[in-house]
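1. No sequence on hand, only this structure:
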């Protein structure tokens, strides 16, 4: 009896001592919280990752144990647990030098090997700033384009096609608020100031259950929280734009602020705009390139601000805001028009620790996008306005228990759509009109669990339930019940209420072959209740968003992926290979000869069908003391099949690019000099172009190829940046550097757009004074040098 009693008392004692320790992983110099940091107990060998807000919970950890924390670009920290429940860990950056090469180290990749999550890339702010970029402006979205499985629409464009999806199928978040147009100057610049970003996460297919609403990918960007230790200022002056960031404590260790602004004075850039003739024989070629018009001009600004306050060790509050605005005049793209567009977002967040095992994040966000086009210099003289707004409330919870990390939450989103309104201006002959405004309510709830079955095998599973309820005039339709689907239609107060309900399962697993190799697989179903109505792959501010309704059903996708991730200790090379297949349903495209302008029932011009995409992605990365190199390659194919389009046959998607290769390197030449270079290549995208013309009733009529049957020329470009760090005097806080960049080193004329215009054919007596079709390929730049002076103090 005594023997059994001793065993029972021993078990109770062990259970009491082996408790859970929680806390935040932060930057020791600024107080910024660090997401996805690796934390493990040296005594019990248990591990944990900090969540998106820097919070970790480590089971089976007692007072007196030593815990270790690692994060990209930071010195590994060893800390003894002194508080029985709460232990915060502060990490010191490798170097304070501005622009120094940040070493990823083996620990970063081992952290990725330990995760079930696949098809995910975390890009720190330092990696974004050190890339060779156009006009010296660091660009988060263009850095993402270097990752395997990610294509760009055209040279200079920030639009992303991820694993065969269109750019509207990407959920772009800034501090958890949706940004609908993430581009300045027609996509040439991203709309986000890299100085204000703490990092970017890209999810390409294996989407965690907490994300939803879009089909293909998630780009999750976080603003810096602001330095809660000391005040600092940083900024830059360049050839195209200038920027400034100010941050500091409102109360040390308790509250801080950050405000960052950027303004573009880029009339200079319009002087680089050119057009060249296309060499295809089926075009009647224009002889002269486009010459800059005296009215060409563009300008933009963006502003980020954030304030946070730690009420106590269990409660922290955040308020952040973002605004951007663009002005654009370019007659070669839009004759006699002035275009303006902008985004505004706002976020309120409350982080609360309910217990060492339960962490909560409550969020309220606001998003607004507005587009204005003014038609001037003739009797029409009107203003066209369109846009959309979104208000979201959500609550997310993390529950940690032994070998499980359970996440669950719910959200409600209200969307307001304004497809277009014409406002006559002074002296206009036009009559005002308003296209039908629409509203939609989206509800969702999810639960997921990452379960460590054994030291080698982990599994992640979850389910997301979502719905969309749309109010507006419509026509009665018949819907059927299907597994995992439910559609309903009913009348209310003279307006039709249309609702969709969907279930989105998520599943992923990883198996460690050894300490240096992991095999992973995933499946995710995603649903998109919003549709972008456009007829261009470039993404123009004129694009119109519309909710799923009686005519257009929600888009759906089933994405499968399998991959092998490994590390080679001898060469210090990290390698990954992933294959994917994506089946898409109810994707949309315009019918042939669709009427898009001033159409109050534009949804009737839309047809839906199916799509498929497959690909093979490979990536190699090596990080060392003197620099780093990354190589990525993608072999892919994307197709669509829609009854009523292309005679019902399969056709290529506009962003179908068979081969995509990129190499990015960063080399520390000396204490002062660093060199960054990027070379990228991809086969041409797709377009629908005229292949012939014929004369009918005093007019030339174009005969078009099959849908997206024209393959554009291959794209390739080399960019180089040299970074010089000025010597810093001892005792002075001022640090500065010069960045010399050359974009498109060997002057490749890459296609930005292909189009056709009619011109009088003076060169042919037979058809003199008759209009002929001429084809153009527009390129933006040849060589683009830039100098940027960066500083911080």
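-> Arrived safely. Since we're looking at a predicted model, the values are computed, not measured.

2. in what helix or strand does the spatially most central residue of the chain lie?
-> The centroid of the chain falls nearest to residue 219 when counting by CA atoms, centre = their mean (3.3 Å). Residue 219 belongs to strand 217-223 when assigned by DSSP states H and E.

3. which residues sit against that strand?
-> For strand 217-223, contacts defined as CB atoms under 8 Å, 6 or more residues apart in numbering pick out 35, 52, 140-141, 144, 160, 162-163, 165, 169-175, 192, 196-205, 207, 211, 258, 304, 306, 320, 322. The way it works is simple: take the backbone N, C-alpha and C, and place the C-beta from them, glycine included.

4. hey, what's the residue nearest to the centre of the chain bridged with?
-> Counting by DSSP bridges, residue 219 is bridged to residue 172, residue 202.

5. Sketch out the low-pLDDT regions of the stretch 151-300 of the chain for me.
-> Scanning the stretch 151-300 of the chain with the threshold set as pLDDT under 70 gives 153-157, 186-187, 266-297.

6. Kindly provide the distance from the residue nearest to the centre of the chain to residue 203.
-> In this view, residue 219 and residue 203 are 8 Å apart by CB to CB, to the nearest Å.

7. and whichever helix or strand comes after the strand holding residue 219, what other elements does it pack with?
-> Next helix or strand after strand 217-223 toward the C-terminus (DSSP H and E): strand 232-238. Here strand 232-238 touches strand 241-251, strand 784-792, going by 3 or more CB pairs under 8 Å, 6 or more residues apart in numbering; DSSP states H and E.

8. Strand 232-238 to strand 241-251, inter-axis angle?
-> Interaxial angle of strand 232-238 relative to strand 241-251 (axes from the mean of the first three to the mean of the last three CA atoms, to 10 degrees): 180 degrees.

9. burial measure for residue 675, as a count.
-> 15 (other CB atoms under 10 Å).

10. just checking, next helix/strand downstream of the helix or strand that contains residue 589?
-> Residue 589 belongs to strand 573-590 when elements are defined using DSSP H and E. The helix or strand immediately downstream of strand 573-590 is strand 606-623, counting by DSSP H and E.

11. how close does the residue nearest to the centre of the chain sit to residue 545?
-> Counting by CB to CB, the gap from residue 219 to residue 545 is 17 Å.

12. One more: residue 339?
-> Here residue 339 is placed at a distance of 17 Å from residue 545 (CB to CB).

13. How about residue 400?
-> 38 Å.

14. just residue 578 next, same as before
-> Plainly put, residue 578 is 31 Å away from residue 545 if you go by CB to CB.

15. Which of those two has more residues huddled nearby?
-> Per other CB under 10 Å, whichever of residue 578 and residue 545 has more neighbours is residue 578, with 26 against 22.

16. quick one: the residue nearest to the centre of the chain and residue 160, what's the gap?
-> 7 Å.

17. intersection of neighbour lists for those two?
-> Common neighbours of residue 219 and residue 160 (CB under 8 Å, 6+ apart) are 141, 144, 170.

18. list the contacts for the second one?
-> It stands for residue 144. Here residue 144 is in contact with 121, 123, 150, 160, 200, 202, 219 (CB under 8 Å, 6+ apart).

19. and if you look at residue 675?
-> 665-667, 669, 720-723.

20. Give the helix, strand or coil label for it.
-> Using DSSP: H, G, I helix; E, B strand; the rest coil as the criterion, the local structure at residue 675 reads strand.

21. Quick check: pLDDT value at it.
-> Residue 675 is assigned 91 on the pLDDT scale.

22. May I ask which helix or strand encompasses the residue nearest to residue 655 when sequence neighbours are not counted?
-> Once flanking residues are discounted, residue 655 sits nearest to residue 161: 3.7 Å by CB to CB, 6 or more residues apart in numbering. Per DSSP H and E, residue 161 falls inside strand 160-162.

23. and residue 667, what helix or strand is that in?
-> strand 659-668.

24. Can you show me the helices along the stretch 1-150 of the chain?
-> Using DSSP state H, counting those that start in this stretch, the helices of the stretch 1-150 of the chain run over 2-17, 105-114, 125-129, 140-144.

25. Which of those comes out lowest on mean pLDDT?
-> Among these, helix 2-17 carries the lowest mean pLDDT, a mean of 40.

26. Please compute how far the strand holding residue 219 lies from its chain's middle.
-> Centroid separation between strand 217-223 and its chain, computed with CA atoms, centre = their mean, to the nearest Å, is 6 Å.

27. With stretch 170-188 instead?
-> Centroid separation between stretch 170-188 and its chain, computed with CA atoms, centre = their mean, is 7 Å.

28. Check the separation of the first and last residues in that stretch.
-> When the termini of stretch 170-188 are compared using CA to CA, to the nearest Å, they are 18 Å apart.

29. Can you mark which positions in it are buried?
-> 170-188 (16 or more other CB atoms under 10 Å).

30. Stretch 717-730 too?
-> For stretch 717-730, the neighbour count (16+ other CB under 10 Å) marks 717-723, 725 as buried.

31. Would you mind putting those into a markdown table with distance to residue 345 alongside?
-> Shown next, in a markdown table, are the buried residues of stretch 717-730 (distance: CB to CB, whole Å):
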| residue | distance to residue 345 |
| --- | --- |
| 717 | 32 |
| 718 | 35 |
| 719 | 30 |
| 720 | 34 |
| 721 | 30 |
| 722 | 35 |
| 723 | 32 |
| 725 | 34 |
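
32. which ones are touching the residue nearest to residue 655?
-> 150-153, 167, 638, 655.

33. Likewise for residue 337?
-> For residue 337, the contacting residues are 329, 373-376, by CB under 8 Å, 6+ apart.

34. Right, I'll call it a day here.
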